[in-house]
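Asker: sequence unknown, structure follows:
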């Protein structure tokens, strides 16, 4: 493993400095003072982890406005040897920046990552109706494009704080449609033993359905419902071999070391032709799963004790 | 334990000799040559087992025409320390017998156990329209009543072979309505360790529902369905404290040492305020449970192995 | 129809006067002042209705201690042309009566209907340990048997008030085990149009399952659960053709003219090879069904209006 | 409505000529000889329909590799007054084109729509390892970019047939990873009455769940499963107000004028706080829905006839 320098850990993230992904990485206490490696895209970030070039990668996995980051979901579903070890939320806020001196009425070409542009379009249509969009590969790159003359960019959609990295003027703040928008990031390492439950955890899975029949998804969901395990995410992604075949990206409340989650996973595993366990990790929102007594660890242990007594014939196979 | 004589086992059954219950006991190879104790009713039979006076009791539990023998179901639900160790089927056939010389046209009073009478009533209405029914406590007692002059009995509904025990003439055979009628008996012992699966087993339970809500029974049935465990019997019995509260008598296909049955029982146990395990024993009909691969013992073992690997972080938490 | 006398209605019930069945019939306002016809058994009572000899029959259908009156359930499942039009509850209390002068210590033979005897046995074992049981065909007949010398009866288990009908002494009151025991009766007529909902109704059905598979009962229960219809009774009865085949006796909360009940019945009817509708009638306990807004009549009407708009293409096929 | 010219119909589609969307529109018999209006993006296409500028718009809705076109799903979920009236499948195949004379070894910058690039990346990595990707707004625009000197594009990922529109050389064909990839398009009009079933139809819905609870999705799926209605698509999309709240994009087999589909929609409508009906239309693959007898139109009609008889009291409320 190439720690750089010796003894430190290395984290890959979608750079350059100033991105939301960097903001997510700043929330990781263990990452402070370690080596941070900005990369150009998700593929590089995960490749760094797979090859051992980095110890972990921070990647965006879901946006409260746009939904799942499908390329990340698909990568986790298909690249072996990865595990999610943490989850982080970053508020999505955007500013409109220009080269010093440019005025709003002069803005014709606006650079922006397509997702960011979608969230800011209503504001731009209202305040710069004549604008045209030029896609950028990241929110920070959009700002950098202001200084690539051949691109003809007049303004850029960028994250707050961008002025610390580029010599730009902020023309407007809070230009995204939804002020509560948030992006969910996960920290991904190579496969490691699962940690201990924190009391407010999430477990991520990729599950394929056993066959192409109406009831299969229902049966899958029953595996969780029957153990009182709530799902916080259920997203379908095409398996890719033909139209109409999907795998499911699932986030379940609880930790694989919680009995009810382990039992649900056993049920899912027996049922599904392919299950990928992506990890059990503390939730970003620190909300503990609500569960009824009948699904807590004691209920599972008591039932096992009872069954053992029943089989051994201790007096009264009765609760 | 009062073995009589020394070293033999003692079996209680609803007597006298000649009853269907005796026919069931004759199907038990281990009972051959042991002490057989005829008793007057179910309560005595089970009491013999509870007190240790007998090693086992043969009791009727269900009839294909009349349904569950509710008093037996209720006894098993409420008397602790009992376990079902075998199941036997006896065809239900009846003959009409009289004292030598009596003719069908002279029959006015017909003795018969109420259940037997119900099954033979159509024949009696057709062939002895003027008859009146006098209830008897067993099918053999009905024949005995022919010789209790004060009872005024002219004919008796009795099992085939009754002429070996009493000096009677058989006026008619096969007088029961349904020629395929069968009674199911179970052999009951004190609580003992569960035996090994025979490959064609049944597991009997008494289950109370957690609360008085619409979905509780559905949830109970899901516990079995989710593991591919078929039920051969589901009967409701009043708990007795108030109208509308029921417990359920359940026979499930399979043995508690089959993984899917054990897992279903664990689920039921966590869910239910009261479960009584009555036993896992070979089925009388020797029909093996049909189950899909996803519910066989290998599937359970594979899933556990997978989960262990997932938690320990062996490469690829993937199926 | 043989109304006797001219112009009055005729009600059959298990007689003689003094039975619990008569107590149930006394709860029917419309029966006051009409002709009451005591009969010897359920078969006669229902036959009177089928043939038109009586307008209605009061029959016991369930006991909170002993469970369903299976012969009544089976009769309703198989005799065409009947309909339940009312439900009544009668507390089950028993007294021990003797011929004047008999003392408790002299009691050897106790007459009693088998069900009544079962409920009073604990008291009798404690207070008349040497007693023997002689079955009687009804609770009132047990008292009558005191005066049939050839039967040798010393005491009888009878309903309170029996001393109004027979010259007996009451040795003890409240001898049944459970002071809250109650028997549920239904009033049965020939098939008539269903009445209007009272606001607290019950609907009774007999349903056969489509095939002999694990999930069929689950599917049946889903039909009710999906519409928010609670069941107050679910009892299995053998169909009788072979062991393991059952039909289900179902009481559902609500009236067939309640939209959710009608919709559930449509679902059951499509699913089941045989459904018998036994009636919608006011509940004896006058407890209104609890249901959520999404299952009330308005929700059904709104959904139909919406669907019509959707198909016709009125602006916005949206709620 | 601005038909151009007088009397013809106007279809909007993602242009320019040569796109997969145009290929989809070529499959619409009614569109032949009408006015085709190439637009720059989905928003324009749908806006044309909403305003009446066009009669219909062809839009991409799902790709067998990349999954749902989320922006299209979200637009259909939120823009009122639209209805899907047809479905079309277009195979996704790509060629690599260059200005005449350019050789593969000279390719440095490859223009391509991001989705197309994703599907061709494996080929490009293998055959032009030094390449860099420049995003384009459509597959045809990528080819056009070859002739915008300031962009510095050496090669473009484009659909087959692009050489009919641009003076390009085809360096390689079939460069997409999956040769069976297909894109699903839908033709969208303003809200109109639903047409008649073709026998092989699909019904599209947007459904929000009633509350944030584990079982709500299960309950939704039950509405379809209980009526034997298979789903060909179930995709979750964020509602956008906060993380963890989703609406579901559903394609169900069958037509709203099929009884089982109508009944399922009634159930969904009662259950859900918001349902958008997007249309019932012939399936592109012409595969008829498979359904069991118990869910066909006759079963629904028979059940209604039975229920009417039951309520009216015609002899025998029995199947």
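Answerer: Looks like it came in fine. None of the values given here were measured: they were computed from a predicted structure.
Asker: so, low pLDDT: which residues of chain A?
Answerer: Within chain A, the ranges that satisfy pLDDT under 70 run A:1-6, A:212-214, A:315-319.
Asker: pull the contacting residues for the most centrally placed residue in it.
Answerer: When chain A is reduced to its mean C-alpha position, the closest residue under CA atoms, centre = their mean turns out to be residue A:61, at 2.5 Å. Residues in contact with residue A:61, defined by CB atoms under 8 Å, 6 or more residues apart in numbering or on different chains, are A:68, A:69, A:72, A:73, A:184, A:185, A:186. In short, each C-beta sits where N, CA and C put it, glycine included.
Asker: tell me, how many residues neighbour the nearest residue to the second one once chain neighbours are set aside?
Answerer: It refers to residue A:69. Of all residues not flanking residue A:69 in the chain, residue A:60 sits nearest, at 5.0 Å (CB to CB, 6 or more residues apart in numbering or on different chains). Counted with other CB atoms under 10 Å in any protein chain shown, the burial measure for residue A:60 works out to 24 neighbours.
Asker: quick one: distance of the helix or strand encompassing residue A:60 to the chain centre.
Answerer: Counting by DSSP states H and E, the element that carries residue A:60 is strand A:56-63. If you compare the mean C-alpha spot of strand A:56-63 with that of the full chain, they lie 4 Å apart, counting by CA atoms, centre = their mean, to the nearest Å.
Asker: and if you look at stretch A:169-184?
Answerer: Distance of stretch A:169-184 from the chain centroid (CA atoms, centre = their mean) equals 20 Å.
Asker: please apply the same query to stretch A:235-254.
Answerer: Taking CA atoms, centre = their mean, one finds the center of stretch A:235-254 at 15 Å from the center of the full chain.
Asker: flag every buried residue along that stretch.
Answerer: Applying a neighbour-count criterion of 16 or more other CB atoms under 10 Å in any protein chain shown, the buried positions in stretch A:235-254 are A:235-240, A:243-244, A:246-254.
Asker: next: stretch A:262-278.
Answerer: Using 16+ other CB under 10 Å as the test for burial, stretch A:262-278 gives A:262-272, A:275-278.
Asker: next: stretch A:280-299.
Answerer: For stretch A:280-299, the neighbour count (16+ other CB under 10 Å) marks A:280, A:281, A:282, A:283, A:284, A:289, A:291, A:294, A:295, A:296, A:299 as buried.
Asker: distance between the ends of that stretch?
Answerer: Counting by CA to CA, to the nearest Å, you get 21 Å between the two ends of stretch A:280-299.
Asker: quick check, it touching chain B?
Answerer: Yes: applying CB under 8 Å from any CB of the partner chain, one finds that stretch A:280-299 is in contact with chain B at A:294, A:295, A:299.
Asker: select the longest helix from chain A.
Answerer: Once chain A is assigned using DSSP state H, the helix that runs over the most residues is helix A:297-312.
Asker: who are the packing partners of that one?
Answerer: helix A:259-271, helix B:259-271 (3 or more CB pairs under 8 Å, 6 or more residues apart in numbering or on different chains; DSSP states H and E).
Asker: about what we covered before: following the strand holding residue A:60, which helix or strand comes up?
Answerer: Downstream of strand A:56-63 (by DSSP H and E), the next one is strand A:67-68.
Asker: now the element after that following strand, going C-ward?
Answerer: Proceeding N to C from strand A:67-68, the next assigned helix or strand is helix A:70-78, under DSSP H and E.
Asker: now do the buried residues in the helix or strand following that following helix.
Answerer: Moving toward the C-terminus from helix A:70-78, the first helix or strand encountered (DSSP H and E) is strand A:82-91. Residues of strand A:82-91 classed as buried by neighbour count (16+ other CB under 10 Å): A:82, A:83, A:84, A:85, A:86, A:87, A:88, A:89, A:90.
Asker: which residue is the nearest non-sequential neighbour of the fifth one?
Answerer: So the one you mean is residue A:86. Excluding the flanking residues, the one nearest residue A:86 by CB to CB, 6+ apart is residue A:187, at 4.0 Å.
Asker: next: the third one.
Answerer: The shortest distance from residue A:84 to any non-neighbouring residue, by CB to CB, 6+ apart, is to residue A:279 (3.5 Å).
Asker: state the number of residues packed around that neighbour.
Answerer: When neighbours are counted by other CB under 10 Å, residue A:279 registers 28.
Asker: and residue A:33, helix, strand or coil?
Answerer: Reducing the assignment at residue A:33 to three states with DSSP: H, G, I helix; E, B strand; the rest coil gives coil.
Asker: so who does it touch?
Answerer: Taking CB under 8 Å, 6+ apart as the contact definition, residue A:33 lies against residue A:8.
Asker: if we can go back for a sec, kindly reformat the contacts of residue A:61 as CSV containing neighbour count.
Answerer: Rendered in CSV, the data for the contacts of residue A:61 read as follows (neighbours: other CB atoms under 10 Å in any protein chain shown):
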residue, neighbour count
A:68, 24
A:69, 20
A:72, 20
A:73, 23
A:184, 22
A:185, 27
A:186, 28
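Asker: looking at those residues, spot the one nearest residue A:136.
Answerer: Each of the contacts of residue A:61 was scored against residue A:136 by CB to CB, and residue A:69 proved nearest at 16.6 Å.
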